[in-house]
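S.K.: pasting a predicted model and its sequence here:
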Amino acid sequence: MSAAPAELPDVFQGELDGALFEALFDDLARFATIESVHLKSGPDAHADETPITLDKARLLLVLGSVHGVRIRYQHEGVEWIDTILRGRRALRLVRLRVPGARPKRRLQVVR
């Protein structure tokens with residue numbers, strides 16, 4: 001019997017100019033439930049283990065102090081991971097839906 005194929009994540013990417021960058025962080029702050037935010041210190045480095053705030057990530061990216069950040073969040077019950085990386089000319093956004101992430105139901109009281 002063969003194993004079922006692994007589910008691949010939906011991946012989206014694009015470049016962020018100043019207005020899109022600000023809109024992304026504003027939307028995350030207003031409409032998402034942030035689970036974690038981590039720094040990426042270099043292109044080959046994994047995200048740091050110590051979490052930071054969304055506001056600090058925004059500031060460090062604007063200042064050019066970090067290579068990138070990884071933001072894990074929920075929006076409308078679905079889990080997402082956004083990685084924002086500093087490129088030569090612009091910031092690049094790579095967004096993926098966490099494989100297997102399904103809308104989470106809240107427990108309901110049965111009467």
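M.R.: Thanks, I have it.

S.K.: in this protein, which residue is closest to the centre?
M.R.: residue 82 (2.2 Å; Cα atoms, centre = their mean).

S.K.: and that one, what are its bridge partners?
M.R.: Counting by DSSP bridges, residue 82 forms beta bridges with residue 71, residue 95.

S.K.: quick one, what contacts it?
M.R.: 24, 28, 70, 71, 73, 93, 94, 95 (Cβ atoms under 8 Å, 6 or more residues apart in numbering). To be clear about C-beta, it is placed using only N, CA and C from the backbone, and glycine gets the same treatment.

S.K.: name the SS class of the second one, please.
M.R.: Judged by DSSP: H, G, I helix; E, B strand; the rest coil, the three-state class of residue 28 is helix.

S.K.: that one against residue 34, yeah?
M.R.: Yes: at 6.7 Å, residue 28 and residue 34 qualify as touching, with contact defined as Cβ atoms under 8 Å.

S.K.: which of those two has more residues huddled nearby?
M.R.: residue 28 (20 against 15; other Cβ atoms under 10 Å).

S.K.: shared neighbours of residue 28 and residue 34, which are they?
M.R.: Joint contacts of residue 28 and residue 34 (Cβ under 8 Å, 6+ apart) are 54, 71, 73.

S.K.: compare those residues and tell me which is most surrounded.
M.R.: Neighbour-wise, the shared contacts of residue 28 and residue 34 (other Cβ under 10 Å) top out at residue 71, 23 neighbours.

S.K.: that residue: what's it in contact with?
M.R.: Residue 71 touches 28, 34, 36, 37, 54, 57, 81, 82, 83, 84, counting by Cβ under 8 Å, 6+ apart.

S.K.: part of a strand, is residue 74?
M.R.: Yes: remark: residue 74 belongs to a strand, assigned using three-state DSSP.

S.K.: the nearest residue to it once chain neighbours are set aside: neighbour count?
M.R.: In space, and not counting its chain neighbours, residue 74 is closest to residue 33: 4.4 Å by Cβ to Cβ, 6 or more residues apart in numbering. For residue 33, the neighbour count with other Cβ under 10 Å is 11.
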